[in-house]
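S.K.: turn this into a structure:
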Amino acid sequence: MTRHISALFGRSRTTLALCLAAAIASPAWAGDNATADTSATPQQAKSLDAVQVTGTDTVTTIAPSQASMVSTEPQSTIGRVYIQENVPPTGDYTDIAQISPSVYTVTPNGSGLMEAPVVSIRGFQDGQYNVTFDGIPWMDSNDFTHHSTSYFTNQQTNSVTVDRGPGTAGTLGNATFGGTISVDSLNPQKQFGINPYISLGSWETAIEGATINTGAFTSSGTSAVINLQNSSSDGYLTYAGQRRQTVFAKLVQPLGENTTLTFVAMDNELNQYVPFGATKAQIAQHGVNYGLNDDPASQAYYRYNKDEINTNFGYIGLHSAFDGWTIDNKVYTYGYNHFGFNGLDPNGETPNGTFYSATDVPGQHMRNTNRSWGDIFRVGKELGPGELRAGVWYDHQDDIRWLYEFDDTINQLNPVIAPGASSLALASADRRMTDTLVTIQPFVEYQWNITDNAYVIGGVKYNNFERDLNATVNQKTETPLDYSKKWNATLPSASFHYNFSSNWTAYAQWAKGYLAPNLNLLYVPNPAVSDSAVAPEKTTNIQLGTTWTDDRLTVSGDVYKIDFNNFVQSQKVGGVTEFYNGGGVHYKGLELEGTYLLGAGFSVYANGSLNRAIQTTDNQWNANTPHKTAALGFIYSDGPFYASLFDKFVGKTYYTANAEDDTPIGGYAITNFAASYKFDPHISDVKDIKIGVQLNNLFNNTHINALAGVTAADSTPLYWTIPARNFNFTISADLF
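M.R.: Coordinates of the predicted model:
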């Protein structure tokens, strides 16, 4: 299978190899304490402080996932120790987040080896919650979903925080509806150091990379960190290989004692073959890891089903604190450029045949590209018995979206309408669209410090967003459309936080969340018909929680009740699709997590959730919502040695395959083992060498764990299965 990857990804690794060679030849030492990213907001800084690595194994450094002592809603932060030791080096933020309560994800091709098709928080799916990088919301504006493999890698991630709620008025993004996954990037170390690493694993997986810390290299304290990485894998699914190359850089420039500038840039190149899932008949015939094949006469031929994706992300952040004022500003841009290719029906229900030949293979070629430009400005001022905070988020995203029918055998446009069309391109087009989303979110909130132990945060956020669509061939209708529409929403919030002691805190929250209307509202002949009937989807969240942390124990728990209304649905009137608001979902549940240091290097971690989500229109269980989740882990950490054993359980979930088939997926558990050892090799210029191994899915559970969708022809359900037992072996060095 490696030869097939090489055929697609013909890039050499020369550039990265030269960087690694330079790294290995240079004297360096990687310090243990990171320089803080002072561009964070005051609230973010408090959350990060709660889990700051101190260099010794306290409960806050060893806990895989833990709540913050200053949080005003259910929150779990996964720190760098857990990420480095337990998450496969190919993984992404979804693999990190899945350890926390009420979260589950599906990685059919192995961790990070394809975009996660399911990432659920309490039953809210991707597109119903925010994902941020260093506090900056990012998404595809058409439906607010995220490309999990297309941005930062695990080696460039410092921590991931899962906020299970809409936050305060200062929580920004187009989908505060279901919460926020916050990804915080790697920070520069205080001292110069180079850390090259190599990892090998199952399915011909190979990763080479290096992290370079400059330390303070100017009199003002300028410091930077750079990470270079190359990875390739055949993947667990047949003929589903991936190649990924990424570079990340962050520079922190102090400006006096109170002000810091931060510069961040990232570029990612991703090439992969992408299956669509498999029917139960295909799984029975070809095995649980069936994905694609190597038959050029088949629509499932791997060369016909591939992605070529380039992404980039950058920002300049300014943070200043003086005389009771705090000012924080980030101006940013990110871009996503995706060329996609697929057989018309890789699961075999549509026979071959094109305009040119009855035996030629029909396929589709598409391009999705977007570019966002934005700015987040925040200001805070100590005022009276508290702090007044205000700010505004502006984001402008332009998209190009086209899809053409193709004859893959002869690599030619395949006309699907009468030859009288004005061009071959129009005759072959399923969509040719450009669209724009502009979001403006101002907010104001006040933190009233009632006593030294209690405070209230109250505020309001106003959201104004406008969509513009210009299509020569509109999606679904395949007719022209030029249309603009504005929506707005006012979102109040209030939360109370109380310190019973320095170890014990509690909170209560009431807040409105929302989800901006999807672009598909405009995939109709006349969107004005449903304009007056569609408002943004909203949630009303009520949550209570508490957290205890001391030197040996961190434990937290919460209960929640969420009412989701304004559910956007569609109906056909006179054969014309119209959208309207109707019904919703009632969510409620209980979540617990904690870590306890047993002593002598041993600790135990556990979490669990009971989740309920019932649709209001028919009292049916909401799809993609497990009844329960749980995790249990044992950790040994003593000086240079680390070992862990984690089990994650996901309860039974229902997936609606079609109107007549509601498919239950039974509960399942996955157990992973990891171990590493760091030693001094007594070699000049090498401070230490670390070797590590991860054994994933220890008990080889390969059951079906998710619905992948349905076939276009007959609506036959497609499924994903759990990747079989696999391993990663990693070696890295700290050079000085």
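
S.K.: can you show me the helices along this protein?
M.R.: 2-8, 14-25, 42-49, 59-62, 80-86, 93-97, 280-286, 424-428, 528-531 (DSSP state H).

S.K.: pLDDT below threshold where in the stretch 401-550 of the chain?
M.R.: Under the criterion of pLDDT under 70, the regions of the stretch 401-550 of the chain flagged as low confidence span 417-421.

S.K.: please enumerate the strands of it.
M.R.: 412-413, 429-449, 454-473, 481-499, 504-515, 537-549 (DSSP state E, counting those that start in this stretch).

S.K.: turn these into JSON lines, including distance to S530.
M.R.: Using the backbone N, CA and C atoms, a C-beta is placed for each residue, glycine as well. Below are these laid out as JSON lines (distance: least, C-beta to C-beta, whole Å):
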{"stretch": "strand 412-413", "distance to S530": "33"}
{"stretch": "strand 429-449", "distance to S530": "17"}
{"stretch": "strand 454-473", "distance to S530": "13"}
{"stretch": "strand 481-499", "distance to S530": "10"}
{"stretch": "strand 504-515", "distance to S530": "17"}
{"stretch": "strand 537-549", "distance to S530": "14"}
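
S.K.: save those strands as JSON lines, and put in mean neighbour count and distance to T238 too.
M.R.: Converted to JSON lines, these look like this (neighbours: other C-beta atoms under 10 Å; distance: least, C-beta to C-beta, whole Å):
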{"stretch": "strand 412-413", "mean neighbour count": "17", "distance to T238": "28"}
{"stretch": "strand 429-449", "mean neighbour count": "19", "distance to T238": "28"}
{"stretch": "strand 454-473", "mean neighbour count": "19", "distance to T238": "34"}
{"stretch": "strand 481-499", "mean neighbour count": "17", "distance to T238": "40"}
{"stretch": "strand 504-515", "mean neighbour count": "21", "distance to T238": "37"}
{"stretch": "strand 537-549", "mean neighbour count": "21", "distance to T238": "39"}
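
S.K.: out of those, which gets nearest to Y394?
M.R.: Y394 lies closest to strand 429-449 among these, at 5.5 Å (C-beta to C-beta).

S.K.: which residues does K572 contact?
M.R.: E578 (C-beta atoms under 8 Å, 6 or more residues apart in numbering).

S.K.: report the separation between it and S530.
M.R.: According to C-beta to C-beta, to the nearest Å, K572 and S530 sit 12 Å apart.

S.K.: between the two, what contacts are shared?
M.R.: In contact with both K572 and S530: E578, using C-beta under 8 Å, 6+ apart.

S.K.: tell me, how many residues neighbour Y404?
M.R.: Per other C-beta atoms under 10 Å, the neighbour tally for Y404 reads 23.

S.K.: quick one: contacts for it?
M.R.: By C-beta under 8 Å, 6+ apart, Y404 lies in contact with Q364, H365, M366, L413, N414, A425, S428, A429, D430.

S.K.: can you lay out these as TSV showing distance to E591?
M.R.: Output for the contacts of Y404, formatted as TSV (distance: C-beta to C-beta, whole Å):
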residue	distance to E591
Q364	42
H365	44
M366	39
L413	52
N414	51
A425	52
S428	50
A429	47
D430	43
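
S.K.: from those, which is closest to I683?
M.R.: Distances from I683 to the contacts of Y404, taken by C-beta to C-beta, are shortest for M366, at 51.3 Å.

S.K.: roughly how far does that closest one sit from M433?
M.R.: From M366 to M433 the distance is 11 Å (C-beta to C-beta).

S.K.: anything in contact with each of the two?
M.R.: Residues within reach of M366 and of M433 at once, by C-beta under 8 Å, 6+ apart, are R401, W402.

S.K.: ok, Q447 - contacts?
M.R.: Contacts of Q447 by C-beta under 8 Å, 6+ apart are G386, E387, R389, Y455, V456, I457.

S.K.: please name the bridge partners of it.
M.R.: Judged by DSSP bridges, the bridge partners of Q447 are E387, I457.

S.K.: that older thread, closest to K330 out of the contacts of Q447?
M.R.: Once C-beta to C-beta is applied, the member of the contacts of Q447 that ends up nearest K330 is R389, at 15.5 Å.
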